[in-house]
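> what would the 3D arrangement of this be:
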Amino acid sequence: MRSIKLLALLPFVLLFGIGASGQAVTTGPAAAKSARADAGGAAAAPALPGAAAALTKADVDGWLDGFMPFALERGDLAGAVVVVVKDGQVLTRRGFGYADAARRIPVDPDRTLFRPGSVSKLFTWTAVMQQVEAGRIDLDKDVNAYLDFKIPRYQGKPVTMRQLMTHTAGFEEHGKRTMFEDRRFQISLGDYVKTPPKRIYAPGTTPSYSNYGTALAGYIVERVANTPFDDYVEQRIFRPLGMTRSTFRQPLPTAFAPWMATGYRQLSAGPSKFEIVGPGPAGALSATGADMAKFMIAHLDRGAGLMKPETARMMHDTPLSILPPLDRMELGFFETNINGRQVIGHLGDTQLFHTALHLFMNEDVGLYMSFNATGEQASVGSVRRALFEKFADRYLPGNEMPATRVDAKTSAEHARMLAGYWLNSRRAETNFYAVASLIGQMKVSVGPRGELIVPAGRDLNGKPAKWVETAPFVWHNADGHGRLAAQVTGGKVVRWSIDGISPFMVFDRAPASKSAAWIMPAMYVSLGILLLTLLQWPVSALVRRHYKAPLTLDRRSLRVYRGVRAGAGLVLALVAAWVVSMSTLKALPSFDPWLWFLQIAGLTVLVGGAALAAWNLAIVRKEKRGWFRTLWALLLLFATIVPLYVAWTFGLIAMTVNY
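Next up is the predicted model:
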């Protein structure tokens, strides 16, 4: 559900020890020692570079016992479940750490429920494909045909189910009621989808990950099947697969509640409450590792128990390529290819739980992992990524790096073409969320040797990846996994993305009107001018009082003099209010009155402040108060116009609480 930055990886020491099988293991040296003692002496030797280790239960268990306890402890993580399936069978399912640290309850892979976040979407997309197979849904038909309300057309084009499944329907980011703890804010799926976000892209052209889009698809399933979504998943997916410890229901049914893993932002910070996911089909699942194994086996076995093989083949292998040769979007799944192997899967993040599911389609191997804490500096992102990559390198190795190279001079020129500020396609444009696209713009730069420097692409040690251009505008990570590719139009780089997000997000060059390259410096200068103007008011009054020098202004000039200084203070107060609100806001209706106040007050203060500053400049020039006062009046006008421009451009005065 929630997007997480993959920050610096913990310096993992991959100790290839001896493992116990199928039991929960707590963190710490003593726990690791105990696990090795229980294993009966079977050591998991490290695989040589390029050579595959035996994908056996004994080897995987030993490898996990070396990796997981240290990773959890070092990353301030609570617990995890890891499941590996192969050839239609569970190879191993393991619990590590704690489901409830305070009560010292270990993770049990057969009983402990985790929240897979957006991995839940795979169940929604499976339900959609069942209805496609039944002839009730057409992937390329206007979805309004299935709804009891209307999704407005964009540029004359409707939304289709295929676009929902590939995140290309064009919806802007939508956060309201996405995740909360108080069930008073919970509304029905039908009520949730009837307040759609705006569409900001031509359909089918730009991937923009959308929880709303998945919720809409779940509602369509509910309508065409004439069955509530939660009931449908239980009857058509859980029951056929024997997933007896899984549910989309929120809050949890009484029978499941005792087995729910406690979520933590950090283990050391203590427990958090159960999260309610507003767009349920997008992320509300609670499931055990053992149940997720059954789901992986079914999809690896061409949809057995869920759909016909030809339907599963359509779902797994109908790729949409936005930026070749990067990973592509399938129908619901997305590619997570590694070591030259075809892998499809999904990631999932709530505020507390973090999950990954990967299916190696040709090898009939599945890997599932879920963690119940975010960890110190979001360490779980790097742990999750490392577990997948190290698993693939150990058991399913291969060479990703082409032998070809672009010459150094040309590569440096291509890197310079990519340099600049970029907007993430997963963004809002018509409400205050749009300001995140200013603050969070991606800056691509070029190093002293002409090398490409991209903050989004980092190695597992947290350092910027070393990018090597292997084909025109295609780079590979020289020291790890992943590729970066750019789209060139008219001799200019207009779009790029990177493996890991390329199927559902891209970066488009920020237009000059929205570029942080000048807006952020201008904003800082403006705030500085406003602050100095405000501070000058009492300081000058004290100086005049000390020297008994009256302020010689007529009544009108005095009003403007005081007005612009009061206006400077109000603009600064408004900026401070937005900063505090953005850092503490919960995307719930209870915050709507405050958001309305900020927007109405913002329009009043910013327009009024700019008008006063313009009036002040006119008076200063008319009264010929000298070059310095004229210059400062001009700077003050600039300092009021810039915040007004930012507020207008990035939705801070959009007069809406649909975000």
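
> show me where the stretch 151-300 of the chain has its helices.
Assigned by DSSP state H, counting those that start in this stretch, the stretch 151-300 of the chain shows helices spanning 161-165, 189-193, 211-224, 229-233, 239-241, 280-283, 289-300.

> out of those helices, deepest packed?
helix 280-283 (a mean of 28; mean count of other C-beta atoms under 10 Å). All C-beta atoms are positioned from the backbone trio N, CA, C, and that covers glycine.

> in terms of secondary structure, what does the longest strand along the chain contact?
Longest strand in the chain by number of residues (criterion: DSSP state E): strand 89-100. For strand 89-100, the elements it packs on are strand 24-25, helix 57-74, strand 79-86, strand 105-106, helix 289-300, judged by 3 or more C-beta pairs under 8 Å, 6 or more residues apart in numbering; DSSP states H and E.

> now with 10 Å?
Secondary-structure packing of strand 89-100 (3 or more C-beta pairs under 10 Å, 6 or more residues apart in numbering; DSSP states H and E): strand 24-25, helix 29-38, helix 57-74, strand 79-86, strand 105-106, helix 289-300, strand 365-371.

> what stretches of the chain score poorly on pLDDT?
Along the chain, the model assigns pLDDT under 70 to residues 1-50, 457-460, 462.

> now do 50
2-48 (pLDDT under 50).

> if we can go back for a sec, got a markdown table for the helices and strands packed on strand 89-100, with distance to residue 510 too?
As requested, those are exported to a markdown table (distance: least, C-beta to C-beta, whole Å):
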| stretch | distance to residue 510 |
| --- | --- |
| strand 24-25 | 47 |
| helix 29-38 | 48 |
| helix 57-74 | 37 |
| strand 79-86 | 38 |
| strand 105-106 | 48 |
| helix 289-300 | 39 |
| strand 365-371 | 34 |
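
> which residues of the stretch 301-450 of the chain fall in strands?
Counting by DSSP state E, counting those that start in this stretch, the stretch 301-450 of the chain has strands at residues 334-335, 343-349, 354-360, 365-371, 420-424, 442-446.

> the first one: how far from the chain's middle?
Just to be clear, that refers to strand 334-335. Centroid separation for strand 334-335 versus its chain: 16 Å, with C-alpha atoms, centre = their mean, to the nearest Å.

> give me the residues contacting it.
166-167, 207, 209, 319-321, 326-329, 342-347, 361, 499-504 (C-beta atoms under 10 Å, 6 or more residues apart in numbering).

> buried subset of these, written for ChimeraX?
Buried residues within the contacts of strand 334-335, by 16 or more other C-beta atoms under 10 Å, are selected in ChimeraX with:
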select :166,167,207,209,319,320,326,327,328,329,343,344,345,346,347,361,499,500,501,502,503,504
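
> surely residue 322 touches residue 205?
Yes - with contact defined as C-beta atoms under 10 Å, residue 322 counts as touching residue 205 (8.3 Å).

> now the common contact residues for these two.
With C-beta under 10 Å, 6+ apart as the test, residue 322 and residue 205 both reach 168, 425.

> comparing the two, which residue is more hemmed in?
Taking other C-beta atoms under 10 Å, residue 322 and residue 205 do not tie; residue 322 has more neighbours (23 against 13).

> from residue 505, how far out is residue 345?
Relative to residue 505, residue 345 is positioned 16 Å away (C-beta to C-beta, to the nearest Å).

> which parts of whichever helix or strand residue 535 is part of are buried?
Here residue 535, judged by DSSP states H and E, is contained in helix 516-547. Using 16+ other C-beta under 10 Å as the test for burial, helix 516-547 gives 516, 519, 522, 523, 526, 527, 529, 530, 533, 534.

> now the angle from that helix to strand 442-446?
Angle of helix 516-547 versus strand 442-446, following axes from the mean of the first three to the mean of the last three C-alpha atoms, to 10 degrees, is 110 degrees.

> from the middle of its chain, how far away would helix 516-547 be?
Worked out by C-alpha atoms, centre = their mean, helix 516-547 lies 38 Å from the chain centre.

> which is the next helix or strand following it?
Past helix 516-547, the next helix or strand by DSSP H and E is helix 555-584.

> how far does that next one sit from the chain's center?
On C-alpha atoms, centre = their mean, the centre of helix 555-584 falls 34 Å from that of its chain.

> swap in stretch 355-363?
Relative to the centre of its chain, stretch 355-363 is centred 20 Å away, using C-alpha atoms, centre = their mean.

> which parts of it are buried?
So, applying 16+ other C-beta under 10 Å, buried residues of stretch 355-363: 355, 356, 357, 358, 359, 360, 361, 363.

> next: stretch 89-107.
90-101, 105-107.

> ok now it, how far from the chain's centre?
Taking mean C-alpha positions (C-alpha atoms, centre = their mean), stretch 89-107 and its chain are 26 Å apart.

> one step back: nearest to residue 655, of the helices and strands packed on strand 89-100?
For the helices and strands packed on strand 89-100, proximity to residue 655 was assessed by C-beta to C-beta; strand 365-371 is nearest, at 40.4 Å.

> burial count for the nearest residue to residue 174 once chain neighbours are set aside?
Spatially, and ignoring its direct neighbours in sequence, residue 174 is nearest to residue 197 (3.9 Å; C-beta to C-beta, 6 or more residues apart in numbering). Residue 197 has 23 neighbours, counted by other C-beta under 10 Å.

> is residue 65 in contact with residue 72, as I believe?
No - using C-beta under 10 Å as the test, residue 65 is too far from residue 72 to be in contact (11.9 Å).

> just the element for residue 494, please.
strand 492-498.

> identify each buried residue in that strand, please.
493, 495, 496, 497, 498.

> in JSON lines, list these along with distance to residue 160.
JSON lines is the format used below for the buried residues of strand 492-498 (distance: C-beta to C-beta, whole Å):
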{"residue": "493", "distance to residue 160": "30"}
{"residue": "495", "distance to residue 160": "23"}
{"residue": "496", "distance to residue 160": "27"}
{"residue": "497", "distance to residue 160": "23"}
{"residue": "498", "distance to residue 160": "27"}
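
> just the closest of those to residue 260, please.
For the buried residues of strand 492-498, the nearest to residue 260 is residue 498 (34.8 Å; C-beta to C-beta).

> against residue 506, how distant is that closest one?
9 Å.

> just residue 278 next, same as before
As judged by C-beta to C-beta, residue 278 and residue 506 stand 26 Å apart.

> out of the buried residues of helix 516-547, the closest to residue 442 would be?
Nearest to residue 442 among the buried residues of helix 516-547: residue 516, at 9.5 Å, using C-beta to C-beta.

> show me what contacts the closest one?
421, 422, 423, 437, 438, 439, 440, 441, 442, 443, 510, 523.

> for the nearest residue to the fifth one once chain neighbours are set aside, give me its contacts.
What it means is residue 438. Excluding the flanking residues, the one nearest residue 438 by C-beta to C-beta, 6+ apart is residue 650, at 5.3 Å. Contacts for residue 650 (C-beta under 10 Å, 6+ apart) come out as 428-429, 431-439, 514, 519.

> now, those residues that are in helices?
436, 437, 438, 439, 519 (DSSP state H).

> show me how to select, in PyMOL, the buried members of the residues you listed.
Those of the ones in helices among the contacts of residue 650 that count as buried under 16+ other C-beta under 10 Å are selected in PyMOL with:
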select buried, resi 436+437+438+519
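
> now, which of the ones in helices among the contacts of residue 650 sits nearest residue 227?
residue 436 (37.3 Å).

> correct me, but that closest one touches residue 427?
Yes - at 6.8 Å, residue 436 counts as touching residue 427 under the criterion of C-beta under 10 Å.

> between these two, what contacts are shared?
Common neighbours of residue 436 and residue 427 (C-beta under 10 Å, 6+ apart) are residue 173.

> of the strands of the stretch 301-450 of the chain, which is nearest residue 148?
Per C-beta to C-beta, nearest to residue 148 of the strands of the stretch 301-450 of the chain: strand 343-349, 29.1 Å.

> who does the closest one pair up with?
Using DSSP bridges, the strands paired with strand 343-349 in its sheet are strand 334-335 (antiparallel), strand 354-360 (antiparallel).

> quick one: contacts for residue 496?
323, 326, 418, 422, 442, 444, 454, 456, 473, 475, 484-488, 502, 506-509.
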